[in-house]
Structures are given as C-alpha cells and as structure tokens.
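Q: structure of the sequence below:
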Amino acid sequence: MPPRTTCCCTLPVLTQFEVSDENRRQSDGFPLLGPGATLRRVMGLWRPEGGGGGGWRGGGARAAVTLAAIAFPVACSVLKLCADPPRPLEEVTLCGFVACMDFGFLIKAALFIKQRGTMRQLVRLLWETREKYTNGQNNERARARYQKLVRRMYVYMQAVVVPALACWVWSPLLSRAVLTSRQNATDASRQLPVHVWLPADVNRSPTYEALFAAQSFSLMVLSQATVCMDVFFVHLMLMVAAELEVLNNNVSTMQRGNVQRGRSTYVETTVIQDENNGGPTFTSSDHCLGVAVTSSQRDQNEHMYVELVKNVRHHQAVLSSVNLLQKAMNPSIFILLFINMANLCGTVFVAAVLLQRDGNITKALKELMLIPCVLYETGMYCICGHMIINQSEKLVMSAFSCGWTDCDRRFKRSLLIFMMAAMRPLEITVGKMCKLSKQMLLQVLNGSYALLNMLYHFHRTL
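A: Purely as a prediction, here's the structure:
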C-alpha cells in the first residue's frame, strides 16, 4: 500500500509591518534640510528653529562675517572701475563681470537670510506631509530616490565650483610664472585674483600678500555660500517634485477591493504513515500567501471616498508648499537668472578676446573655468522647476487611471472636481514673469548670445 498523507494547517494570521514614527523621524528628519546643512549653520545662513547654534548673537555674527566676505570682491572691483578704470575693453568687462556676479551673490545671501522663516515653515510643512501621506514602500522609495539625486547634484556642484575657485585664486601666480620665464618681470607684474585700486602700492610687500589672502578667503566663502544656498533651493524643489510623484502614485492606485492588504502565513504539517517502520513521520513547512481582506460594496465605496479625500488633502499640502517655495525664491532667483545671463556673456567675451590677442591660456583660464559654473547653476534651477511641472501635469491622467468606473456618484463627482483643480500645472514663477522650466533656460542662453554679439560688434568698432 502507498503511504497515507494527512495535511492540516493552522488558521491564517494577518501580519502588518509598519515603521514606527520614532524610527522614521530619526531616518528622515535631518535629510529634509538637504546637503550642506552644517556648512549653512556655520556660515550663519541658517539657524535652527529653536534658536540653537550659539544663539542670536553667534548666528548674527557669523552671518555678518559671511556677508562682509562676499561684499569684499564687489568693493575691490568697484574701486578699480571708479578710481582707476582699465583701458582695454576686456579688462573693463572683467571688472564689471566680477562686480555684477558678486553683487548678485550678495543680494541672494541677504535675501536667503531674510527668508529663513519662510523656508523653515516650508521644511516643517514638507515634514508633516511626509508623515501624514504615505502608502507603502513605493512612496518611501520615490522620496529616497529624489534625496539621492540631491546628494549627487551637490557632489557635482562641488566638482564644478572647487576647480574654478582654485583656478581663480592661483591663475595670477601661474600667469606671473609664465611671464617671468619669458622675460625679466619685476614686482609690477604681480596680479591679484580680483582687480583692486588702493592709494598705496598694491604690489609691495606685505600689502600684496595681505590682499591676496583676503581675496582668496572671500572667494572661498563666496563660492561655498553660493553652493549651500543653491543646493538648499534645489533640495526643496525636488522634495516638492517627490511629493507630486507620490501623489500621482497614490491617486492612480485607488481601486475597489483594495481595502486592506497584508501577508497571510500558515504552517502546514504533513503526516506520513510508513507501514515498514510501524509509526507516523511528521514533517512541517511554513508557507506565505498574499491575501486581501475584502468587505461589502458599501464599505468599498466608503473606502474609495476616504482615499480620495486623503489624496485631495495631500494635493492641497503640495499647493501650499509650492506657494511657500515661490515666496522664498521669488526675488533672489530672478536676480540670479538676470545676472547669470550677463555673466555668461562676459566670461565668453573676455576669454575669447584674451585668447585671440595674447594666446596666453593662463590669463583666460579663470574665465573659462567659470563658464561651467554659470551654466550648471542656471540649468539646475530650470530643470528642477521643469520636473515640478511634469509631475503636476500627470495628475489628471493619474486620476483618470484609477478605478472610478465601479464607484458611486459621490466619488465620481468629487474626482471630477479634483481633476478640474489639477488641470492647471504647478509652476515656480520668479519675478512675476519668469517660469523655471527648460524654456527659461533657452531664453537665458539666447539672451547671453545676443549680448555677446553686441559686445563683439562694439569691440570691432574700437
């Protein structure tokens, strides 16, 4: 006779795995400030909500030192242009470029410090949104992907800025070394990172060394402050885009019958009767099945409506986040785009003229190294703003893709209102007319090209 097999299993047990709020705070609380948070606090650009980090006096003193360091190159260039203006057009353009660029950075830093309250409110709102509106691991993976993107962009930004800073600081020494090797150069051939005029002779020691150290320190503070402010704005923009992607996913997955899902586990025990040994043999194995706990049609309709209300509130939170983000970015980023358009034109013009006239790559090196910085900064804002537009435009299709066909009239009517509200895409508008998008990036490049043609035409007439 074949052996008899008897199977028995226990009752299904529904198990839920949720991450505690405390663990989630520990893992997601600090990344909401983005990369460079410590450096922003050290520079006085950011102060914790509780007033930590040395109190108001310590934070105010650090902010004053940072603003003074950023303003120092501006003062040097303005003194040179007013007291002892250079005659070559490219030298005038270079001084104007430095003054214009650093003045834009100074305005951006001052406005950043002024808008700290608004940005703290935005960070708090994003934190509450992440805590309230999450629907499984897919949402967490989407948010983690955007945070990883921000960290990569911060590394790329430092990889562009640090070589440009080193080239800007050390190019005067390299240029002097090249001139010394070609001809007998005196101390009059000494150059500084930024042109400056003083009543005293700037080429004498120790005046030259003191100015060189002060300008190098100012440029270092300026570059790192700019990187920290830019990456914080980009971080906030990408966090808003992440919430929009999470909202799209939650809206599109609203389906009837998905009231509650979990994992069902049971233990199967197999009893084998072996006639040769005269006794039973017991073997056990664990099995897992995916089960869905369903309910009545009325409960399903109510569940769908509750999910829709939750998604509508999530959308309202995203709208509030976009309004706060636009309020924080409005004046400073508009000035930044306008100045970067002129800066891109100035760097290309000065580098081209120096290469054509002298053929000395060391003189044009610092201008050439600044071109990727200006392009990266401008493109970063425009592309991240375009990501918000793309995610907001998908909301209508996500709402249409949910399981609305089997729902009651109340759900369909509410979903239609939500779709009408989502038809207008979310946009970051700075200066009341500049929308951060790929089209704005093209407009900045076209404006720089037009200014470059005008400068070349004016240069030929001289």
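Q: how about the helices in the stretch 301-450 of the chain?
A: 361-393, 395-400, 409-422, 438-461 (DSSP state H, counting those that start in this stretch).
Q: distance check, residue 346 against residue 335.
A: Distance, residue 346 to residue 335, by CB to CB, to the nearest Å: 16 Å. From N, CA and C alone the C-beta is placed, and that goes for glycine too.
Q: which of those two has more residues huddled nearby?
A: Ranked by neighbour count (other CB atoms under 10 Å), residue 346 and residue 335 place residue 346 first, with 26 against 18.
Q: so what's the closest residue to the more buried one other than its chain neighbours up against?
A: Among residues not flanking residue 346 along the chain, residue 97 sits closest, at 3.7 Å (CB to CB, 6 or more residues apart in numbering). By CB atoms under 8 Å, 6 or more residues apart in numbering, the contact set of residue 97 is 342, 343, 346, 347, 350.
Q: quick one, what contacts the last one?
A: Remark: with contacts taken as CB under 8 Å, 6+ apart, residue 350 is in contact with 90, 93, 94, 97, 364, 367.
Q: tell me which stretches of the stretch 1-150 of the chain form helices.
A: 21-28, 37-43, 55-83, 89-114, 116-132, 137-182.
Q: tell me what the shortest one is packed against?
A: To tie it back to what came earlier, the one meant is helix 37-43. helix 55-83, helix 207-252 (3 or more CB pairs under 8 Å, 6 or more residues apart in numbering; DSSP states H and E).
Q: the last one packs against which elements?
A: To tie it back to what came earlier, the one meant is helix 207-252. Counting by 3+ CB pairs under 8 Å, 6+ apart, helix 207-252 packs on helix 37-43, helix 55-83, helix 89-114, helix 116-132, helix 137-182, helix 297-357, helix 361-393, helix 395-400.
Q: okay if I get those as JSON lines plus mean pLDDT and distance to residue 421?
A: Listed next are the helices and strands packed on helix 207-252 as JSON lines, based on pLDDT from 0 to 100; distance: least, CB to CB, whole Å:
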{"stretch": "helix 37-43", "mean pLDDT": "90", "distance to residue 421": "34"}
{"stretch": "helix 55-83", "mean pLDDT": "84", "distance to residue 421": "40"}
{"stretch": "helix 89-114", "mean pLDDT": "85", "distance to residue 421": "31"}
{"stretch": "helix 116-132", "mean pLDDT": "91", "distance to residue 421": "17"}
{"stretch": "helix 137-182", "mean pLDDT": "84", "distance to residue 421": "22"}
{"stretch": "helix 297-357", "mean pLDDT": "87", "distance to residue 421": "7"}
{"stretch": "helix 361-393", "mean pLDDT": "87", "distance to residue 421": "11"}
{"stretch": "helix 395-400", "mean pLDDT": "92", "distance to residue 421": "9"}
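Q: out of those helices, which comes closest to residue 430?
A: Closest approach to residue 430 among the helices and strands packed on helix 207-252 (CB to CB): helix 297-357, 4.0 Å.
Q: need the helices and strands packed on helix 207-252 in a markdown table with distance to residue 434, can you?
A: A markdown table is the format used below for these (distance: least, CB to CB, whole Å):
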| stretch | distance to residue 434 |
| --- | --- |
| helix 37-43 | 25 |
| helix 55-83 | 24 |
| helix 89-114 | 15 |
| helix 116-132 | 19 |
| helix 137-182 | 21 |
| helix 297-357 | 6 |
| helix 361-393 | 10 |
| helix 395-400 | 24 |
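Q: and of these, who's closest to residue 209?
A: Using CB to CB, the nearest of the helices and strands packed on helix 207-252 to residue 209 is helix 137-182, at 11.9 Å.
Q: now do that closest one: distance to the chain's middle.
A: How far helix 137-182 lies from its chain's middle: 15 Å, per CA atoms, centre = their mean, to the nearest Å.
Q: and for stretch 76-94?
A: For stretch 76-94 - counting by CA atoms, centre = their mean - the centre lies 35 Å from the chain centre.
Q: got it, and stretch 409-423?
A: A distance of 32 Å separates the centroid of the chain from that of stretch 409-423, by CA atoms, centre = their mean.
Q: quick check: mean pLDDT of it?
A: Average pLDDT, stretch 409-423: 91.
Q: buried ones in it?
A: 411, 414, 415, 418, 419, 422 (16 or more other CB atoms under 10 Å).
Q: thinking again about what came up before, please identify the most buried of the helices and strands packed on helix 37-43.
A: Highest mean neighbour count among the helices and strands packed on helix 37-43 (mean count of other CB atoms under 10 Å): helix 207-252, with a mean of 21.
Q: tilt between that helix and helix 409-422?
A: Relative orientation of helix 207-252 versus helix 409-422 (axes from the mean of the first three to the mean of the last three CA atoms, to 10 degrees): 150 degrees.
Q: could you give me the average pLDDT of helix 207-252?
A: 93.
Q: show me how far that helix is from its chain's centre.
A: 7 Å.
Q: just stretch 385-405 next, same as before
A: From the chain centre to the centre of stretch 385-405 is a distance of 22 Å (CA atoms, centre = their mean).
Q: what's the closest of the contacts of residue 350 to residue 199?
A: Taking the contacts of residue 350 together and measuring to residue 199 by CB to CB, the closest member is residue 94, at 22.5 Å.
Q: could you export the contacts of residue 97 to a markdown table, including columns for distance to residue 459?
A: As requested, the contacts of residue 97 are exported to a markdown table (distance: CB to CB, whole Å):
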| residue | distance to residue 459 |
| --- | --- |
| 342 | 16 |
| 343 | 18 |
| 346 | 12 |
| 347 | 15 |
| 350 | 11 |
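Q: so which pair among those is furthest apart in space?
A: 342 and 350 (12.3 Å).
Q: that older thread, out of the contacts of residue 97, which comes closest to residue 386?
A: Minimum distance to residue 386 across the contacts of residue 97 is 21.9 Å, recorded for residue 343 (CB to CB).
Q: stretch 135-153: how far from the chain's middle?
A: Centre-to-centre, stretch 135-153 and its host chain are 13 Å apart (CA atoms, centre = their mean).
Q: CA-only coordinates of that stretch in PDB, if you can.
A: Listed next in PDB are the C-alpha coordinates belonging to stretch 135-153 (Å, rounded to 0.1, in the frame of the first residue of the first chain):
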ATOM      1  CA  ASN A 135       1.100  54.500   1.400                       C
ATOM      2  CA  GLY A 136       3.700  51.800   1.500                       C
ATOM      3  CA  GLN A 137       7.300  51.200   0.400                       C
ATOM      4  CA  ASN A 138       6.700  52.600  -3.100                       C
ATOM      5  CA  ASN A 139       6.200  56.100  -1.700                       C
ATOM      6  CA  GLU A 140       9.300  55.800   0.500                       C
ATOM      7  CA  ARG A 141      11.400  54.600  -2.400                       C
ATOM      8  CA  ALA A 142      10.300  57.600  -4.500                       C
ATOM      9  CA  ARG A 143      11.200  60.000  -1.800                       C
ATOM     10  CA  ALA A 144      14.600  58.300  -1.200                       C
ATOM     11  CA  ARG A 145      15.300  58.400  -4.900                       C
ATOM     12  CA  TYR A 146      14.900  62.200  -5.000                       C
ATOM     13  CA  GLN A 147      17.100  62.600  -1.900                       C
ATOM     14  CA  LYS A 148      19.800  60.600  -3.600                       C
ATOM     15  CA  LEU A 149      19.500  62.800  -6.600                       C
ATOM     16  CA  VAL A 150      20.000  65.900  -4.500                       C
ATOM     17  CA  ARG A 151      23.200  64.400  -2.900                       C
ATOM     18  CA  ARG A 152      24.600  63.600  -6.400                       C
ATOM     19  CA  MET A 153      23.800  67.200  -7.600                       C
END
